[in-house]
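**Q** Next come a sequence and a model predicted from it.
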Amino acid sequence: MAIVGFVETKFHFGAVNDEASADGQFTASLHHKFGPAGATVWSRPSVQGFSVNDDDGGVGLWISKFVDHNGSHPGPFSPGIFATKCTDVFFAMDARDCIATAVFTSHVFD
């Protein structure tokens, strides 16, 4: 089995001393779609860098859900997933008093 392609998305997100959230934390999501036939994929998120605004700042990354020929699989999955006939991978990122850059990667196998 060889890697024949990939999808990679850079994501920049943050929450700094935000009064709208009780704990200064916000979550965002991103979606990789592989079509109705699906693909064999290895998907994982990674932090590229972050800067904190407070001593309790931090960032979290995970796969919140993926869909394959067996149906929908709710996460969280960390550090990643390997799935056959996968049609969708949903990534999530939370930021607590920080600005962060992450890369969400899905390798596609033959």
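**A** The structure has been received and is ready for your questions.

**Q** Every contact and neighbour count from this point should use C-alpha atoms.
**A** OK.

**Q** What are the boundaries of the strands in this protein?
**A** Remark: strands assigned in the chain by DSSP state E are 3-15, 25-33, 39-52, 58-68, 71-77, 81-86, 88-96, 98-109.

**Q** now the fourth one, how far from the chain's geometric center?
**A** Relative to its parent chain, strand 58-68 has a centroid offset of 5 Å by Cα atoms, centre = their mean, to the nearest Å.

**Q** which stretch in the strands of the chain has the least confidence?
**A** Mean pLDDT is lowest for strand 25-33 among the strands of the chain, at a mean of 89.

**Q** mind listing what that strand pairs with, with the direction of each?
**A** Strands that pair with strand 25-33, judged by DSSP bridges, come out as strand 88-96 (antiparallel).

**Q** Extract the CA atoms of the strand it pairs with and return them as PDB.
**A** Provided in PDB are the C-alpha atoms of strand 88-96 (Å, rounded to 0.1, in the frame of the first residue of the first chain):
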ATOM      1  CA  ASP A  88     -15.400  12.400   5.500                       C
ATOM      2  CA  VAL A  89     -13.000  13.400   8.300                       C
ATOM      3  CA  PHE A  90     -14.000  16.200  10.700                       C
ATOM      4  CA  PHE A  91     -11.100  17.900  12.600                       C
ATOM      5  CA  ALA A  92     -11.600  20.100  15.700                       C
ATOM      6  CA  MET A  93      -9.400  22.600  17.400                       C
ATOM      7  CA  ASP A  94      -9.900  24.400  20.600                       C
ATOM      8  CA  ALA A  95      -8.000  27.500  21.800                       C
ATOM      9  CA  ARG A  96      -7.800  28.800  25.300                       C
END
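
**Q** which residues touch it?
**A** 13-16, 23-35, 38, 43, 45, 56-68, 104 (Cα atoms under 8 Å, 6 or more residues apart in numbering).

**Q** again, only using 7 Å
**A** 14-15, 24-34, 57-67 (Cα atoms under 7 Å, 6 or more residues apart in numbering).

**Q** and the gap between the spatially most central residue of the chain and Gly49?
**A** Taking Cα atoms, centre = their mean, the centroid of the chain lies closest to Phe91, which sits 2.7 Å from it. Distance from Phe91 to Gly49, counting by Cα to Cα, to the nearest Å: 17 Å.
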